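Asker: output the structure for:
(4 chains)
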Amino acid sequence: MENKTVIKVENLRKWFPIRRSFFATLFSKEELYVKAVDGVDFEIKEREVFCLAGESGCGKTTTARTILRLVEPTDGKIYFDGDDITHLKTKELKPYRIKMQIIFQDPYESLNPRLSVFDIVSEPLQVNKLYESQRELKEKVATALEEVELIPPERFMYRFPHELSGGQRQRVAIARAIITRPRFIAADEPVSMLDVSIRAEILELMDRFKREFNIAYLYITHDLSTARYVSDRIGIMYLGKIVETGNIDKVLDDPQHPYTQALISAIPVPDPTMKRKRVILRGEPPNPIYPPPGCRFHPRCPYAKDVCKEKEPEMVKVGEEHYAACWLLS
Amino acid sequence: MSDDDVEMAPWKRKVKGFWEAFKRSKLGMTGLILLLIFLIIAIAAPIIAPYPVYGPESRVGIPFEPPSNEHWLGCDELGKDIFSQLLWGTRVSLFVGFLAALMATFIGLIIGIVSGYFGGVIDDLLMRITDIILVIPGLPFMIILAAVLGPSIINIVFVIGILGWTGTARLIRSQVLSLKERPFVEAARAAGASDAHIMFKHIMPNVMPLAFAQMILGVSGAVLSEAGLSFLGLGDPTHISWGMMLHYAYEFGALHIGAWWYVIPPGILITAVVVAFTFMGYAFDEILNPKYRRRR
Amino acid sequence: MGMREYLIKRIIQGIVTIFVVISINFFLFRAMPGNPFMRFIESQPRGKVKEMVDIYIKLFGLDKPLWEQYLIYIKNLLMGKFGYSFRQVGVPVSKIIMERLPNTLILMGTATTLTIIIGIAFGVIAAGRRGELADISTVVVGLTLYSIPIFWLGLVFILVFGFWLGWFPLWGMITPGKYFSNPFEYAVDYLWHMTMPCTVLVLVSAGGWALITRNALLDVFTEDYILTAKAKGLDERTVFYKHALRNAMLPLVTMIALSFGFIASGAVLTETVFSWYGIGRLLYEGTMQHDYPVVQAAFFMIAICVIAANIIADILYAYLDPRVKY
Amino acid sequence: MAMLEVEDLKIYYEVIGGDVKAVDGVYFDLEKGEALGLAGESGCGKTTAALGILRLLPSNGRIAGGKILFEGKDLAKMSEESIRKYRWKRISIIFQGAMNALNPVIRVGNQIVEAILAHENVTEQEAWRRTEELFEMVGLDPERAKDYPHELSGGMRQRVMIAMALACNPDLVIADEPTTALDVTIQAQVLELMKKLQKELNLSLILITHDLAVIAETCNKVAIMYAGKIAEYADTYTIFKKPLHPYTRGLIKAVPSIKGTKEKLVAIPGSPPDLLYPPPGCRFHPRCKYAKDICKEKEPELTEVAPGHYASCHFVDEMKNIPF
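Answerer: Predicted structure coming up:
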């Protein structure tokens, strides 16, 4: 049976206007934008993990926040279960909020230090009035804590975040995310702040919920090695655009875009016997206020041709379930 | 942390944690004990004062009578017992201090939260107003305002409170600015929480401790301002306050006859009350201000 | 935006603030219930003050509507016309202000400079010996000094050093009736009178300064660049003065700016207690005597000084911190 | 005799409630031109050990025992005056967040010049010339020496830190998480630069990181730390291919790789202990699947199981028979 598409994004753009002081606007009239997300398309199905990967400032987090309507999209369309939610008002959005959740990178920052675990985990139920009685609320929280293996739940319910270890905190964050039984979770670097030795547990937990509750994940990371273990498909972002996308193994084992190639070769491998030839990129990513014309990667690309400086490349099919946007490929 | 602690209600553990930290601060405890003493004096003044202080029957001695067994701290220019007046004066200092600081903190808290949370034009406007009030010289303005409004305790409270909120507003705003960018606020919004919910449930609990510390520090400023205004003769003549006593002492030439018993005790009490709040405020700030946390 | 735009911006802000002060000054005395300004004039017995009314009606257009009076008031201020004193009948307020201003600037300038130097010195000592006796006593003494009402300390000084010990004059600025054969003698007498008020001001404010300096330094000590400086093998003095103090100065400059208002409050009280004929005492006298034109002018001058000092401090900050993006 | 020999180093932090034994008996040594990786998870004491070598501990930290022999002289017992002559001239250090490690109000060039002038008898012009050479060496435009730290990008600041670390031609460079805050492509640039400079200048390097993959590509020796102690210490090949300590094995199984077969990632259950109250016996026993009673009672010693291969586990010999 074909899985249903949960999230679909078309030509999504998010430009942040640069707020300047009143006086600065007197001296120059030019409106400036940080083009954080600049035309992104993808879809995620049930029980599927789609990974958005790239370096800091490439727009991957903004994409997730825009899909969740935490920031207003500048342009494009967002569909949830086929419904267009791009411009829904706060009230109309409420039923969808229950179905979409987010997990953040830093479990030390994503839990309010002044709230107890009970307050934190029950919040989605409280603000949406999804409970009949205090007893039911307590039972639901206990169940959620058990599901994330914080057992027995009574031992954890009334603790504060600072009384928990990093791994336990991230479990609390996951409990909050799954308590409303969402269909979609955006996980923004869910394990990058955790110690290596406990990452696998958290990832396993997320994988279990994916299967049990048919969740669609948007997995955001800069760490391609971890992405390789948890994702089904991947999109590589550079400066607000997806430059290569497709099946995770196909993209990582046979990268087609020069940026993906460089990115993968830059990742160190925990195996001293493996000797690889490295592609070291020149310079650093340009300022997203003034993205370069043509292909955005051309100033750092070792293979850049004249056409790359002038025209933006289109996404082309380079293999089964594998697409890339580069002039070398078309 | 022991297992028993976990069984306690969360808010009790919070208070307990704060108290544990506060107990370790010698300055804070000194301040707290001083404050308790003054609170008792303020409440019990009518009982413990040896002589009446209001009305004609309060003239119980000879003008400028030096300290004696009957009048431990002598008498003022009207022959009123100074020790009794000092006890009564505690009430005005604490009342004005608390109320003015409460008013200033309340205004500062509201402006800080609204400005920081909503940002944009509202923030710009409120912060420009704050900047302006911040540079208007405090006491000179209070003098003019008090002179125009006329002498009464409530006016004094108003005059001090209306100028004292700027620091709190700025501090709270900067806290709110960083809080609202924290992921837990975004998580709440993603769960469908409204602005009101986020402000009351997430922002407020995180800035209240700081506002509390500001208020305690604000009391010391307010007590000093009240004393200054009263000393300049702008206080409420129907109530006895320490500043007012110093005003009369100065006006009626206590210095010329060396009536130290009239000049020195009121100032010591003002200092002691202010010290109580300054010490406590300093201790609170060290415990609660996130800026200092990494220093320890 | 460059430094020049920043300067322009800062000065425009200053002008807006001054404008607000002028408006407060105007509306407080004219628009408050009962119009204190007119009430005073009307309450006067027949005589010279009543004649002033005509002059004031002409000068400030008191018979015109309020908004027009406001414009006239601003226009007059811009031309330096503060009006005439009610008490010293017929004397222009600007003349009184000009007589008083130097005294305030000398006293406050000296006291502020000494306060900052002494306060920072103690703060540096305390921070350098964190947790030791010198540090703990700086904190305790600093907080206590900050808590003393300045006017009372003045009274105690007069009582002890003036009345009992007779070391210093009780009040005033020069010995009355004394003949000075040269300016030097005059200066010595002036400074002798200034010693007590200046000491009182320094004592009360230096404590706070020491604390702020100490805390700013302790904050800087936790920064990684201090560790880098130590790792580079620099000696402690260099680490302290070149790396720590320079960065700790930044919050200090902000505090200097904010403390000018506090200094102005101290000026009013100290000048009153010691009968120092400055602007602060003028404000007090004017208020007590309902000499509103004088009060307005005195408040205006104090505000201008505070605002100007603030602008200077802000510019200093921008100069010290390369990160300021104006 | 090795250039640097650390023997039974103990570093404790005094806090309310007792001593935090952040480093509690650490051994390793380093020859000229060698690169040692000091690996472990957060709070295992690796940064403390680094700061301890240069005696840069915070005021509540102290060296509670052991030796730090640099060319035979014990840095741990040296006077403040003498150790200062070793800092930067002989041993320099690169800190993790380069934004905070550079003084924000001093031009980056001046911060390097300052280090040169503190140790070498040269004029300021010569120091500036040297600074400009260093900038070229690390691939920065010498003009940028006149910039303030906030005017440089993260990668450039880390290059400045490297240039600064090399300013006085030290023998040993300690790099504490030098690339953690950087993006992968910039990390690759910086690591490549460090490897190149280490070879060219025949530097000794201690690389402190939680990222085992970085160590695999950069170092020839590895010390794995757990809860203030050395769990295992050997050459890089042995650590990654034939580890014996259960912690090392667990750690390597938990690290994902972009290349090679996709084996299932396995977590180590539990979390590292509170070093104010470390568990008795072997500190790893609460998380160890092979733990026996003896592990709860007796602390294992760091023993040499093969030439140059040390591990501290009661069951090292048994572990040899359990395939990795």
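Asker: phi, psi of the nearest residue to B:Val92 once chain neighbours are set aside?
Answerer: Nearest residue to B:Val92, sequence neighbours excluded (Cβ to Cβ, 6 or more residues apart in numbering or on different chains): B:Ser241, at 3.8 Å. (C-beta placed from N, C-alpha, C; glycine too.) With angles defined as degrees, to the nearest 10, B:Ser241 sits at phi -130, psi 160.
Asker: neighbours of B:Ser241, how many?
Answerer: 29 (other Cβ atoms under 10 Å in any protein chain shown).
Asker: need the per-residue pLDDT for it.
Answerer: Note on B:Ser241: pLDDT of 92.
Asker: so it touches B:Phe95, yeah?
Answerer: No: counting by Cβ atoms under 8 Å, B:Ser241 does not reach B:Phe95; the two are 9.4 Å apart.
Asker: which residue ranges of the chain form helices?
Answerer: This is for chain A. A:22-27, A:60-67, A:90-99, A:117-127, A:134-147, A:154-157, A:166-178, A:196-213, A:224-230, A:248-253, A:258-266, A:306-310 (DSSP state H).
Asker: to clarify, I was referring to chain B.
Answerer: Assigned by DSSP H, chain B shows helices spanning B:3-7, B:10-23, B:26-48, B:82-118, B:120-135, B:138-149, B:153-163, B:166-180, B:183-190, B:195-197, B:204-231, B:242-251, B:260-288, B:290-293.
Asker: coming back round to it: can you tell me how far the residue nearest to B:Val92 is from B:Ile153?
Answerer: Using Cβ to Cβ, to the nearest Å, we find B:Ser241 at a distance of 9 Å from B:Ile153.
Asker: any residues in contact with both of those two?
Answerer: Here B:Ser241 and B:Ile153 have B:Val92, B:Val96 as joint contacts, going by Cβ atoms under 8 Å, 6 or more residues apart in numbering or on different chains.
Asker: for the closest residue to chain C within the stretch 151-300 of chain A, phi and psi?
Answerer: Minimum separation of the stretch 151-300 of chain A from chain C (Cβ to the nearest Cβ) falls at A:Ile289, amounting to 14.9 Å. In terms of degrees, to the nearest 10, the main-chain angles of A:Ile289 are phi -80, psi -40.
Asker: how many other residues sit next to it?
Answerer: 12.
Asker: which among the helices of chain B is found nearest to C:Val268?
Answerer: Taking Cβ to Cβ, helix B:138-149 is the member of the helices of chain B nearest to C:Val268, at 5.6 Å.
Asker: that older thread, surely the residue of the stretch 151-300 of chain A closest to chain C touches A:Tyr33?
Answerer: Yes: between A:Ile289 and A:Tyr33 there is a contact under Cβ under 8 Å: 6.8 Å.
Asker: report pLDDT for B:Pro290.
Answerer: In this model, B:Pro290 carries a pLDDT of 59.
Asker: give me the distance between the closest residue to B:Ile107 other than its chain neighbours and chain A.
Answerer: With sequence-adjacent residues excluded and distances taken as Cβ to Cβ, 6+ apart, B:Ile107 is closest to B:Trp165, at 4.0 Å. Separation of B:Trp165 from chain A (Cβ to the nearest Cβ, to the nearest Å) stands at 24 Å.
Asker: how close does B:Trp165 sit to B:Ile122?
Answerer: To B:Ile122, B:Trp165 is 17 Å away according to Cβ to Cβ.
Asker: same check, this time on D:Lys262
Answerer: 53 Å.
Asker: cool, and A:Glu139?
Answerer: 42 Å.
Asker: center of chain C - which residue?
Answerer: In chain C, the C-alpha nearest the mean C-alpha coordinate belongs to C:Ala264, at 2.9 Å (Cα atoms, centre = their mean).
Asker: identify the residues contacting the closest residue to it other than its chain neighbours.
Answerer: In this structure, C:Ala264 finds its nearest non-sequential neighbour in B:Pro137, 3.7 Å apart by Cβ to Cβ, 6+ apart. Residues near B:Pro137 by Cβ under 8 Å, 6+ apart: C:Phe260, C:Gly261, C:Ala264, C:Ser265, C:Phe299, C:Ile302, C:Ala303, C:Val306.
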